[in-house]
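Undergrad: Sequence below, structure please.
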Amino acid sequence: MRSRSDSVLRALGLRLAKFLTRGDAAGGTTTPSDFAKLAAVLRPGDVLLVDGQSLVSHSVKYSTQSVWSHAALYVGDSAALGAKGAPQELVEVNLGEGCVASPLTKYVNYHTRICRPVGLTETERLEVARFMVDRIGLRYDMRNILDLARFLMPTPPVPRRFRRQLLALGSGDPTRAICSSLIAQAFQSVHYPILPRVREVRLRTRSEESRRELLHIRHHSLYAPRDFDLSPYFEIVKPQLAGGFDPRLLVWAHQVPDEVGGAEALQMAAQ
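TA: I've put the predicted structure just below:
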């Protein structure tokens, strides 16, 4: 009897997860990055932030007061790191799927941002990537539909200081749908900071009293996608600027004579 009820709850959870993630397949509403430049700039260990449009995406963005609803880790070649199947460039945690490998082309129509850890060696960046690859196939129990139900209200009437805590409510299984949790664990495995709690302590010596900041690791379940954007330890890499940028090479609509297409250019710029 218990087995039957578990299967029913799991089926309901999967249907609810599918409903909550509906709407992301079409991409974002903001102009996406130049995909060719995005692909050329990414390195293993980079975090790719995504502006999603589904119910769960809006819930995450509202709760964290950010434009970023999802995070994926760029691993380069998942097959080279031990993943089964066709090589993919990203490893991410998706609601209803768990930890999966995905092609970078999945986000060709999305507004994205690259957050790059600074100071890691090539070996350490590959260790972070391998941490994620080793967890492909990890799933969470979809029976906890009450945990999933909190995403049905993208803008709950909760004071701002308590909103982030909504992401960590419940049993902890569907909370792992907040993709940044597993990525945070990956960086913690090589002792790389994201947004640690800082505590200042006094150190007394024979000659003087000094102060030192001690970093305390936050629990991985409390991390949200925007934390990689806010972290002082991650560099924001913009593909459009990475290869050099000369504003004098831009062609503005008002600079193009009508006889060579200025009118059409103005019309396209107004759309």
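
Undergrad: Okay, buried residues for the helix ranked longest in the chain please.
TA: Counting by DSSP state H, the longest helix found in the chain is helix 2-21. Residues 9, 13-14, 16-17, 19-21 are the ones in helix 2-21 that count as buried (16 or more other Cβ atoms under 10 Å). C-beta coordinates here come from the backbone N, C-alpha and C atoms, glycine included.

Undergrad: Repeat that for stretch 60-79.
TA: Residues of stretch 60-79 classed as buried: 60-64, 66-76, 78 (neighbour count, 16+ other Cβ under 10 Å).

Undergrad: pretty sure Y192 is touching T121, no?
TA: No: counting by Cβ atoms under 8 Å, Y192 does not reach T121; the two are 11.0 Å apart.

Undergrad: More neighbours: which of those two?
TA: A direct count of neighbours by other Cβ atoms under 10 Å for Y192 and T121 places Y192 higher, at 21 against 9.

Undergrad: just to revisit the earlier point, now, the buried residues of stretch 60-79 that are in strands?
TA: Among the buried residues of stretch 60-79, the members falling in strands (DSSP state E) are 70-74.

Undergrad: Export the residues you listed to JSON lines and append columns for pLDDT and distance to G137.
TA: Formatted as JSON lines, these follow (pLDDT from 0 to 100; distance: Cβ to Cβ, whole Å):
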{"residue": "H70", "pLDDT": "90", "distance to G137": "19"}
{"residue": "A71", "pLDDT": "94", "distance to G137": "19"}
{"residue": "A72", "pLDDT": "96", "distance to G137": "16"}
{"residue": "L73", "pLDDT": "97", "distance to G137": "15"}
{"residue": "Y74", "pLDDT": "98", "distance to G137": "19"}
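
Undergrad: Format the residues you listed as CSV; extra columns: distance to V47.
TA: Conversion of these to CSV gives the following (distance: Cβ to Cβ, whole Å):
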residue, distance to V47
H70, 11
A71, 6
A72, 7
L73, 6
Y74, 8
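
Undergrad: For A83, state which of the residues you listed is nearest.
TA: Closest approach between these and A83, by Cβ to Cβ: L73, at 12.4 Å.

Undergrad: For the closest one, give me its contacts.
TA: L73 makes contact with 45-48, 90-92, 128-129, 132, 183, 186 under the criterion Cβ atoms under 8 Å, 6 or more residues apart in numbering.

Undergrad: For beta bridges, what are the partners of it?
TA: Beta bridges link L73 to V47, V91 when assigned by DSSP bridges.

Undergrad: Now do the end-to-end distance for stretch 33-51.
TA: Terminal residues of stretch 33-51 are spaced 12 Å apart (Cα to Cα, to the nearest Å).

Undergrad: in that stretch, what's buried?
TA: Buried residues in stretch 33-51 (16+ other Cβ under 10 Å): 33, 35, 38, 41-42, 44-51.
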